[in-house]
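A.B. asks: Provided below for reference: sequence and predicted model.
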Amino acid sequence: MWEKRQERMLLEHGHTARKTHSNPVILAMKASDKTSKVLPGKVVWVTGASSGIGEELSYQLAKIGSPLALSARRENELERVKKKCLEISSLSDKDILIVPLDLTNRSTHESATQSVLKHFGKIDILVNNGGRSQRSLFVDTSIDVYNAIMELNYLGTISLTKHVLDHMIQRKKGKIVTMNSVMGIMGAPLATGYCASKHALQGFFNSLRPEVAEYPEISIINLCPGPVQSQIIQNVFTEEVSKVNANIGDQSHKMPTDRCVRLGLVSMANDIKEAWISDNPYLAVCYLWQYAPTWAWWLLNRIGKTRIKNFKSGVDADVSYYKKSS
């Protein structure tokens, strides 16, 4: 009964969660799951494809049979991802195009788009997945970090979107899928710049959607994962742009990357405008933020202290929300 209710929530409202960490996750979707009907054969351009969610997304799309354009800065890592995609799918070498891309170098976005179009002749789906998170207190953080976050997560994303959307408007169809975050719904200490960039993306794409309403076959989709077992913690911004994060901690308590991607694909195939893909307590806080913000602010002040304490002690900032006290 729980699974049926959560399936309905995802497909109607775009929200999903696990009941508990020990119970089976909701993966069925069955009759309403259009991934095997909608996505095969669709040309999908994935940014941030060299690791984490973008890498797993590439594998699952390859298995479905979607031709892929894979982008990130590290070309050698893209080659590795492409090789595995070919090993686990029926795609051929020409079905996977590597397009090295730096989202902060906006002058290259038009030529990158033309490279994908020249190779495949079309772009059916753009997945804006590239970006970086943050782990640092505002009082300790250089303003240069905030500039770098906005250049990458926000301006880089909307720049690439602009070039791809021009193509989709000409065809009068396509999907713009943005890997946002629950941090685009709420706030959180240690991630002021990251939250700002994700709020900016949320506002941008929610405003863009009615601008393209005259093209009913163009979908604007925001996916909002909670904490996921990916490499995002290794690559976060800290107090200085060049400083590496030393507090990685245990990530096993977070949602598995393959499950996050699976639910994201279901959302994409069903044209869900906004999907919250998260475990509790983040999902519950999202609802509080929407419907009872005063309670959300009070709760965030409480749990925020623990989050900061965890971070300063060298463990994952969110670990105590998931593990029962001994």
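C.D. replies: That came through fine. A quick note: this is a predicted structure, and the numbers were derived from the prediction, not measured. Numbering: from 1, shown residues only.
A.B. asks: list the contacts of residue 146.
C.D. replies: Going by C-beta atoms under 8 Å, 6 or more residues apart in numbering, residue 146 touches 192-193, 196. All C-beta atoms are positioned from the backbone trio N, CA, C, and that covers glycine.
A.B. asks: no no, residue 239
C.D. replies: Counting by C-beta under 8 Å, 6+ apart, residue 239 has contacts 136-137, 140-142, 145.
A.B. asks: before we move on, back to that, dump the contacts of residue 146 into a markdown table; add pLDDT and distance to residue 285 as well.
C.D. replies: Output for the contacts of residue 146, formatted as a markdown table (pLDDT from 0 to 100; distance: C-beta to C-beta, whole Å):
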| residue | pLDDT | distance to residue 285 |
| --- | --- | --- |
| 192 | 96 | 17 |
| 193 | 97 | 20 |
| 196 | 97 | 18 |
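A.B. asks: tell me which of those residues fall in helices.
C.D. replies: The members of the contacts of residue 146 that map onto helices under DSSP state H are 192-193, 196.
A.B. asks: ranking those residues by neighbours, who comes first?
C.D. replies: Of all the ones in helices among the contacts of residue 146, the highest neighbour tally under other C-beta atoms under 10 Å goes to residue 193, namely 23 neighbours.
A.B. asks: quick one: the strands in the chain, in order.
C.D. replies: 15-16, 44-47, 68-71, 96-98, 125-128, 174-179, 218-225, 274-277 (DSSP state E).
A.B. asks: listing partners with orientation, what would you give for the second one?
C.D. replies: Same thing as strand 44-47. The pairing partners recorded for strand 44-47 under DSSP bridges are strand 68-71 (parallel), strand 125-128 (parallel).
A.B. asks: so how far is that strand off the chain centroid?
C.D. replies: Chain-centre distance of strand 44-47: 12 Å, with C-alpha atoms, centre = their mean, to the nearest Å.
A.B. asks: repeat that for the last one.
C.D. replies: If you compare the mean C-alpha spot of strand 274-277 with that of the full chain, they lie 10 Å apart, counting by C-alpha atoms, centre = their mean.
A.B. asks: would you mind checking the average pLDDT for it?
C.D. replies: Mean pLDDT, strand 274-277: 94.
A.B. asks: who are the packing partners of that strand?
C.D. replies: Contacts defined by 3 or more C-beta pairs under 8 Å, 6 or more residues apart in numbering; DSSP states H and E place strand 274-277 against strand 15-16, strand 218-225, helix 257-269.
A.B. asks: nearest to residue 171, of the contacts of residue 239?
C.D. replies: Within the contacts of residue 239, the smallest distance to residue 171 is 38.6 Å, found for residue 145 (C-beta to C-beta).
A.B. asks: can I assume that closest one is in contact with residue 236?
C.D. replies: No - Residue 145 lies out of contact with residue 236 (C-beta atoms under 8 Å); the separation is 10.2 Å.
A.B. asks: overlap in contacts, those two.
C.D. replies: By C-beta under 8 Å, 6+ apart, the residues touching both residue 145 and residue 236 are residue 134.
A.B. asks: among the helices and strands packed on strand 274-277, which is nearest residue 97?
C.D. replies: Short answer: helix 257-269, nearest of those by C-beta to C-beta, at 19.8 Å.
A.B. asks: ok, the most centrally placed residue in the chain - contacts?
C.D. replies: By C-alpha atoms, centre = their mean, the mean C-alpha position of the chain lies nearest to residue 179, the distance being 2.6 Å. By C-beta under 8 Å, 6+ apart, residue 179 lies in contact with 48, 53-54, 127-129, 131, 223, 225, 264.
A.B. asks: now render the residues you listed as JSON lines, adding distance to residue 202.
C.D. replies: Putting the contacts of residue 179 into JSON lines (distance: C-beta to C-beta, whole Å) gives the following:
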{"residue": "48", "distance to residue 202": "18"}
{"residue": "53", "distance to residue 202": "17"}
{"residue": "54", "distance to residue 202": "19"}
{"residue": "127", "distance to residue 202": "16"}
{"residue": "128", "distance to residue 202": "12"}
{"residue": "129", "distance to residue 202": "15"}
{"residue": "131", "distance to residue 202": "13"}
{"residue": "223", "distance to residue 202": "11"}
{"residue": "225", "distance to residue 202": "13"}
{"residue": "264", "distance to residue 202": "16"}
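A.B. asks: in TSV: those residues, plus pLDDT and distance to residue 240.
C.D. replies: Converted to TSV, the contacts of residue 179 look like this (pLDDT from 0 to 100; distance: C-beta to C-beta, whole Å):
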residue	pLDDT	distance to residue 240
48	96	22
53	95	26
54	96	25
127	98	30
128	98	26
129	97	25
131	94	19
223	97	30
225	94	27
264	95	32
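A.B. asks: just these now: which is nearest residue 150?
C.D. replies: residue 131 (10.7 Å).
A.B. asks: which ones are touching that closest one?
C.D. replies: 48, 103, 152-153, 156-157, 179, 197.
A.B. asks: re earlier: would you list the contacts of residue 146 in TSV and tack on distance to residue 270?
C.D. replies: Formatted as TSV, the contacts of residue 146 follow (distance: C-beta to C-beta, whole Å):
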residue	distance to residue 270
192	33
193	32
196	30
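A.B. asks: coming back round to it: with mean neighbour count and distance to residue 292 as added columns, please give the helices and strands packed on strand 274-277 in TSV.
C.D. replies: Below are these laid out as TSV (neighbours: other C-beta atoms under 10 Å; distance: least, C-beta to C-beta, whole Å):
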stretch	mean neighbour count	distance to residue 292
strand 15-16	22	16
strand 218-225	24	19
helix 257-269	23	25
